[in-house]
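here you go, sequence then predicted model.
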Amino acid sequence: MLVTSSSDSSVLDTSLATFTFEPQRVIIRFLHLPRMKPIGIHQQLSDTCNDGVMGVKNVRSWVQQFRESRTSCENKPKEPRPCTSQWSQQTPKEAFAAATQLWRQRCENCVRLQGDYVEK
């Protein structure tokens, strides 16, 4: 949208801006201070930002975090999930050998039972 002033011929460009998520979080933090509801904050973001606006679910999550005294608008990297697989403790060669041995045992059981083999 372009707005022109009648007093002079200057043109002010008020087209929608594109914000990354961090500036959107700053806006969320600012708008939640007067206890604006997350849906209202999302509407403000939608009116201000281009297609890159974060979803309502994320806005609600950030409002909740700010209510719980979070002050940083930076996204914390997620902790990696702990690996509990028995295969992760082995080298690829050991893992392949173990899988081959397990497959061989299953095949032997199937042959021994003449195809009437079901694992439980």
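Good, I have the coordinates.

and Glu74, what does it touch?
Glu22 (CB atoms under 8 Å, 6 or more residues apart in numbering). Every residue, glycine included, has its C-beta placed from N, CA and C.

element containing it?
Glu74 is part of no helix or strand when elements are defined by DSSP states H and E.

now the longest helix seen in the chain: average pLDDT?
In the chain, assigned by DSSP state H, the helix with the most residues is helix 92-112. Averaged across helix 92-112, pLDDT comes to 85.

Gly115 in helix, strand or coil?
Of the three states, Gly115 takes coil under DSSP: H, G, I helix; E, B strand; the rest coil.

quick check: phi and psi at it.
phi 90, psi -10 (degrees, to the nearest 10).

show me where the chain has its strands.
2-4, 11-13 (DSSP state E).

mean pLDDT for those: which is lowest?
When the strands of the chain are ranked by mean pLDDT, strand 2-4 comes last with a mean of 38.

look up how far Pro82 lies from the residue nearest to Gly55 when sequence neighbours are not counted.
In this structure, Gly55 finds its nearest non-sequential neighbour in His42, 7.8 Å apart by CB to CB, 6 or more residues apart in numbering. Here His42 is placed at a distance of 34 Å from Pro82 (CB to CB, to the nearest Å).

neighbour count for these two, which is higher?
His42 (22 against 6; other CB atoms under 10 Å).

so what's that one scoring on pLDDT?
Reported pLDDT for His42: 93.
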